[in-house]
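[1] any chance you can model this:
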Amino acid sequence: MTEKETSLPKITKIETQKRKERYNIYVDGEYAFPVDEAILIKYVLHKDMEMPADLMKKIMADDTERKYYNQALGYISYRLRSEKEVRQHLKEKEATADIIEKTVQKLKEQKYLDDQIYGDSFVRTAATISQKGPGVLKQELKLKGLKDEVITQALTQYSNDQLIENALKLAQKTWKKHRNTSQREAKNKVQQILFQKGYTQEVIQQVLAALDTEKTPEDEYESVQTQGAKIWRKNQRHDLRKRIQKTKQSLYQKGFPADMITQFIEEIQLEEE
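    Numbers count the residues shown, from 1 in each chain. Below you'll find the model as predicted:
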């Protein structure tokens, strides 16, 4: 055989890409494959280097892994991510299951990926900037893929003082929003919102005890007038007897005292005579 027939392919050119730290490799005068700078250094790629097929295949496989590793690094550079989020991100980028596993393990070994650190930070941030209770945070962390024992530990970051403070702020906001309803309905609404936001019954009762939920008779009757006027107008298509019946029924359901309802009905009838 001639020397030309027995010689291995060689790198004839290494070209810098516009993308930072990326290079194009040419073999025997033709474009062959791209590589990351880290791969270029790892294999000490240079002009006239022999490039057998098995080596080229290995370099390309390493570069693919490096590409997805860099994508994962970029994804977690903006904020902390859970392991599940990183896996999902790589899957969306069409990484193979093998590459996803290798990338995740590498990130965990380098301490760039840690569900406990993620969970702790998630809870501390939520406790500071939101009024969500532990129950809601627990469900959100489950959706992020965290294990139960990791979530339990993370929730210890939510201090009891912060818990009561957040719940009380939410209760006060809710009470104010429903100030024109009956005392009973407003109180029930506070309990409902706190429960939906993930607070325990124990915390809810503490907050209700600290919250001023007492309305003066004057305030309560003012609420009867506000709510009653709306209901009265809504039922104007009915005859007087049925209109009175439906208005009374609605106000009863809203938790207003019977004597105040009767007083309101008498007053509004007089106004319309």
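[2] roughly how far apart are residue 235 and residue 250?
    8 Å (C-beta to C-beta, to the nearest Å). Placement of C-beta: from N, CA and C, glycine included.
[3] repeat that for residue 201.
    In this structure, residue 201 and residue 250 are 29 Å apart, going by C-beta to C-beta.
[4] ok, these two, which is more surrounded?
    Legend: neighbour count by other C-beta atoms under 10 Å for residue 201 and residue 250, higher for residue 250 (18 against 10).
[5] mind listing what's buried in the helix or strand hosting that one?
    Assessed by DSSP states H and E, residue 250 sits inside helix 240-253. Within helix 240-253, the residues that qualify as buried are 243-244, 247-248, 250-251, counting by 16 or more other C-beta atoms under 10 Å.
[6] please apply the same query to stretch 150-166.
    150-151, 154-155, 157-158, 163, 166.
[7] low-confidence regions, the stretch 1-150 of the chain specifically.
    For the stretch 1-150 of the chain, the stretches with pLDDT under 70 are 1-6.
[8] so which residues of it form helices?
    Taking DSSP state H, counting those that start in this stretch, the helices of the stretch 1-150 of the chain run over residues 3-6, 37-42, 53-77, 83-92, 97-109, 115-129, 134-143, 148-154.
[9] looking at the ones you listed, spot the one closest to residue 218.
    With C-beta to C-beta, the closest approach to residue 218 among the helices of the stretch 1-150 of the chain belongs to helix 134-143: 37.2 Å.
[10] just how off-centre is that closest one within its chain?
    Relative to the centre of its chain, helix 134-143 is centred 9 Å away, using C-alpha atoms, centre = their mean, to the nearest Å.
[11] which residues sit in contact with the spatially most central residue of the chain?
    In the chain, the residue lying closest to the centroid (C-alpha atoms, centre = their mean) is residue 140, at 6.3 Å. Shown in contact with residue 140 (C-beta atoms under 8 Å, 6 or more residues apart in numbering): 122, 132.
[12] I'd assumed residue 213 was in contact with residue 172.
    No. Contact criterion C-beta atoms under 8 Å: residue 172 and residue 213 do not qualify, at 10.4 Å.
[13] ok, now how distant is the residue nearest to the centre of the chain from residue 103?
    25 Å.
[14] quick one: the strands in the stretch 151-273 of the chain?
    Assigned strands in the stretch 151-273 of the chain: none (criterion: DSSP state E, counting those that start in this stretch).
[15] just for it, where's the confidence low?
    Short version for the stretch 151-273 of the chain, where the test is pLDDT under 70: 273.
[16] what ranges does it have for its helices?
    For the stretch 151-273 of the chain, the helices defined by DSSP H, counting those that start in this stretch cover 160-177, 183-196, 201-210, 217-234, 240-253, 258-272.
[17] just the angle between the first one and helix 115-129, please?
    This points to helix 160-177. 40 degrees (axes from the mean of the first three to the mean of the last three C-alpha atoms, to 10 degrees).
[18] packing partners for helix 160-177?
    helix 115-129, helix 183-196, helix 201-210 (3 or more C-beta pairs under 8 Å, 6 or more residues apart in numbering; DSSP states H and E).
[19] got a list of contacts for that helix?
    127-128, 130-134, 186, 189-190, 193-194, 197, 199, 203-204, 206-208, 210-211, 213.
[20] what about stretch 249-263, how long is it end to end?
    End-to-end span of stretch 249-263 (C-alpha to C-alpha, to the nearest Å): 14 Å.
[21] now the buried members of the contacts of helix 160-177.
    By neighbour count, with 16+ other C-beta under 10 Å, the contacts of helix 160-177 hold 127, 131-134, 186, 189-190, 193-194, 197, 199, 203-204, 206-208, 211 as buried.
[22] so residue 90 touches residue 67, yeah?
    No. Here residue 90 lies out of contact with residue 67, judged by C-beta under 8 Å, at a distance of 10.6 Å.
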